[in-house]
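sequence first, then the predicted structure:
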Amino acid sequence: MDKLKIGFPLYLNTLPLLFYLNSKNTNFEIILDVPKNLNFKLFQNVIHGSLSSSICYARNPEKYFIVPDISISAVGEVKSVILFHKKPLEKLNGKKIGITPESESSFNLLRILFEEFIGIKPVYLELNKHWKELSQKEKEELSGYLAIGDEALILGMDNSEKAFITDLAELWLKYTRLPFVFALLLIRKDVANKQKEVLKNFCLKLYYSRAKAFSNLKEIIEKSHIKLPKKYAYYYLTHLEHDFSPLKQKAFLTFCEYLYRMKIIKKIPELNFLNIL
């Protein structure tokens, strides 16, 4: 095997994980892409592991190990998983909702919030374009748009459409009293069995990178090329969480229970962690 190829979302939320990770390491290579593409590459064995949408593990737990204590998650407001809508939520039944081409976990979270908690069922349109790429006519046909990542942060700051804004993690907390886990770091089982020492080295470097980044967060934001105002980026990253604590594990399995109830997954998965000892 050549270098270990590990995918990470090309978003601000991975800055604390990646800033101090040595990109010149001869044993692994970081692949940056949007979540939906990373999910596909991981499933197709194009890459060896990925910080992928949490639903990827829920769908195929037999294929992956979870790297311990790494996630993208939030307790309440997250700011980067946002539904923009023209009418109050309860009036969106049967209305067209555009879904960003980048999302999987967030789209299914939206379905759970609408169908299980609020009791409505909109028409979901999985788009191949982002909001700013849509024509005025296409925008007018939609009653809402689900944005994630940096697009959500930018649209949330601007909101020139004067839309209602619903933060999905905040709404999930309201109904479940739990955090929401958007992404997990997954490693293919076939790779884990062959590359134990390389993976151990990668994980140790990743844990170190995360710890050092959060002790120097303002500094790394200043040094990074970020499209957002620095103060806003700092506020966002300090309200985001990157661990996978027992409470987050419970939250993820609760998400899986709803996915199973809605027949989106075939069974509720067990959590199988990568052994890095």
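Nice, thanks for sending it over. Numbers count the residues shown, from 1 in each chain.

assumed residue 124 was part of a strand.
Yes: per DSSP: H, G, I helix; E, B strand; the rest coil, residue 124 lies within a strand segment.

for the chain, which segments are assigned as strands?
4-9, 28-33, 49-53, 64-74, 81-85, 96-99, 123-126, 144-148, 164-167, 180-188 (DSSP state E).

who touches the helix ranked longest in the chain?
Secondary structure of the chain per DSSP state H: the longest helix is helix 196-215. Outside helix 196-215, the residues that touch it by Cβ atoms under 8 Å, 6 or more residues apart in numbering are 4, 6, 15-22, 25, 27-28, 49, 67-70, 185, 187, 191-192, 220, 242, 274-276. C-betas here are computed from N, CA, C, even on glycine.

check stretch 128-146 too.
So stretch 128-146 is contacted by 81-87, 92, 95-101, 103, 106-107, 110, 122, 125, 127, 147, 151, 155, 161, 163, 168 (Cβ under 8 Å, 6+ apart).

now the protein, which segments are flagged as low pLDDT?
1-2, 23-25, 159-162 (pLDDT under 70).

break it into its domains for me.
Per the record's domain assignment (automatic domain parsing), the chain is made up of the domains 4-74+180-261, 81-176.

can you say which of those domains is nearest to residue 268?
Nearest to residue 268 among these is domain 4-74+180-261 (4.9 Å), distances taken as Cβ to Cβ.

kindly check the end-to-end length of the closest one for me.
Start-to-end span of domain 4-74+180-261 (Cα to Cα, to the nearest Å) is 36 Å.

chain center to that domain: distance?
9 Å (Cα atoms, centre = their mean, to the nearest Å).

quick one, helices of the protein?
Remark: helices assigned in the chain by DSSP H are 15-18, 35-43, 54-59, 105-112, 136-141, 149-158, 168-176, 189-192, 196-215, 217-223, 230-238, 246-261.

having no further points to raise, I will conclude here.
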